[in-house]
Every structure is written in structure tokens, then in C-alpha cells.
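Starting from these lines, generate the structure:
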Amino acid sequence: SQRDFGREISVERLREIFWALIDAGAHNIDLVNPTHYAHVVAEALSQPLPVPVVWNSGGYDRVETLRALEGTVDIYLPDYKYPDARDAQCWAGAADYPQVARAAIQEMVRQTGPYVLDQEGILQRGVVIRHLLLPGRLNQAKEVMDWVRATFPPHTVLFSLMSQYIPWGRAAEFPPLDRRLRKREARAAMAYLENLSLDGFFQGEEAARAEYIPAFDLTGV
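Have a look, this model is predicted:
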């Protein structure tokens, strides 16, 4: 996005891409950061697809936008990035992020209900709340996990704790984001997740490599 790089496509072409992925064996259609195209996505999904549709967002979604999508999205995959308004303002320019994300996540759960897995353990419906563990922000990660534990009954949502942070772009301007995670930070966060007995996943430090970042070369578009 910082390079203003992309390709304009029509709603019809978007539908064609959905079906090309389905024909290739995709388990779902994963819409990444789609919020600013919500009206277009809704049009493209006006006809149901034979696989689950995933709304993969940063969590900064208006409840009204999500309600307009009800019935078209099967799986919500939101981030809960910052429980602290100061961090949200400093790093994302959005001091209201914590309350917006919490309200959005609660609306997502209202729509989907408890998560549902198929016989192969592949998610078919529900909400997966993600949190990217950031350097020097272990307490904030614990606050996010505490909120999830206190807000939703057991086995309602899945939680994904991610530790693949890499200081790209302008991160050097915003300590402590100018460094990678320390192993003790990741271990402490994982132990906290296990102690809370949240259903979900922990992504280890092996994912903190450039190889995990897509080429974004417009393949398939």
C-alpha cells in the first residue's frame, strides 16, 4: 500500500478469481484487509460460494459495516492489535482502536456463534482472534488474552497468538518496534496463553522470516 501498487479489477473479475481458487482446491476464500472495499465485496458475494468466506481484517471495522455483511461471511479473522490507546495512536494513528476492535469482534461473534470445525479440523464457521506479540509489550498481550477469556464463554472463539514480528519499514523510528522479539517474551506469552486454557494456536518464532512474506506480484489477479 505504501508503494501505491496494485491492479484495478471489476466485480465480475473478482468473482472469477474466487472460482479459480475454488477450482484449484482452496478450502476457503480469504479476503485480506477488505474493509475499505466492503460494498464491493458484498456485491461479489451476493451469490453464495460452496466454500467458507473469510473476512481477514485488522479489527478496525465499524459495527454497521459488519452488520451489512451478515449472512455473507462465515469466518471472521480479526486482529486485536492494541489494548492501549497510546500505542494505537502512536503506531496506527487511531487512539480509538481498542474500543472499536472490541465492539467489532463482539459483533463478529454474534453473527457466527461458536466456532465449528469439520472432521479434518478445518474451520467452517466462527471467529479467530489474532494478536501479534510486539517487542516490549508482553503486558499488553496478556491484557488482550484476559479480555478474550473474560468476554466469551469457553469454546466460543479461537485465539491465535503470533510471534513472527519483523521490524520492517519505518519501525526503526518507533522503539521498541525497532527490534525483534526476545525469546523470553515469546515463551512468557505462550505460557500465559496455556494457563488461560484458551482454544487456539501459537505461531512460533520460526515464522519470523522474510520467506513468510508474500511477493505481492499480482499473481492470480
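
looking at it, residue 90 is touching residue 174, isn't it?
Yes. Proximity of residue 90 to residue 174 meets the contact threshold set by C-beta atoms under 8 Å, at 6.8 Å. In this view, the C-beta of every residue, glycine as well, is placed from N, C-alpha and C.

Which helix or strand contains residue 14?
helix 11-23 (DSSP states H and E).

and that helix, which residues are buried?
14, 15, 18, 21 (16 or more other C-beta atoms under 10 Å).

Kindly reformat those as CSV and extend each row with pLDDT and distance to residue 108.
CSV is the format used below for the buried residues of helix 11-23 (pLDDT from 0 to 100; distance: C-beta to C-beta, whole Å):
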residue, pLDDT, distance to residue 108
14, 95, 22
15, 96, 24
18, 97, 21
21, 96, 23
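
what about the longest strand in this structure?
Criterion DSSP state E: the longest strand present in the chain is strand 123-132.

Identify the residues contacting the helix or strand following that one?
Once the chain leaves strand 123-132, the next helix or strand it forms, by DSSP H and E, is helix 138-151. Here helix 138-151 makes contact (C-beta atoms under 8 Å, 6 or more residues apart in numbering) with 80, 82-84, 87, 102, 106, 129, 131, 133-134, 157, 159, 161, 185, 188-189, 192-193, 196, 198.

Could I have the buried ones of those as PyMOL selection syntax?
The buried residues among those can be selected in PyMOL (16+ other C-beta under 10 Å) with this line:
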select buried, resi 80+82+83+84+87+102+129+131+133+134+157+159+161+185+189+192+193+198
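
if you look at the contacts of helix 138-151, which of them are in strands?
Mapping those onto strands (DSSP E) picks out 129, 131, 159, 161.

Max pairwise distance over these: which two?
129 and 161 (9.7 Å; C-beta to C-beta).

Switch the buried residues of helix 11-23 over to TSV; also include distance to residue 71.
Shown next, in TSV, are the buried residues of helix 11-23 (distance: C-beta to C-beta, whole Å):
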residue	distance to residue 71
14	18
15	17
18	17
21	21
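
Tell me how far residue 84 lies from residue 131.
For residue 84, the distance to residue 131 equals 13 Å [C-beta to C-beta, to the nearest Å].

for residue 107, same thing?
Residue 107 is 18 Å from residue 131, by C-beta to C-beta.

And for residue 149?
As defined by C-beta to C-beta, residue 149 lies at a distance of 13 Å from residue 131.

so what strands line up beside the one helix or strand in the chain whose mean pLDDT sits lowest?
Least confident element among the helices and strands of the chain, by mean pLDDT, DSSP states H and E: strand 200-203 (a mean of 88). According to DSSP bridges, strand 200-203 has the following sheet partners: strand 158-162 (parallel).

Ignoring the adjacent residues along the chain, who's closest to residue 17?
The shortest distance from residue 17 to any non-neighbouring residue, by C-beta to C-beta, 6 or more residues apart in numbering, is to residue 220 (6.4 Å).

err, residue 118, not the other one
Among residues not flanking residue 118 along the chain, residue 124 sits closest, at 5.3 Å (C-beta to C-beta, 6+ apart).

Ok, residue 61 next?
Nearest non-adjacent residue to residue 61 (C-beta to C-beta, 6+ apart): residue 104, at 4.3 Å.

Any stretches of the chain with poor pLDDT?
The chain contains residues with pLDDT under 70 at 1-2, 204-213.
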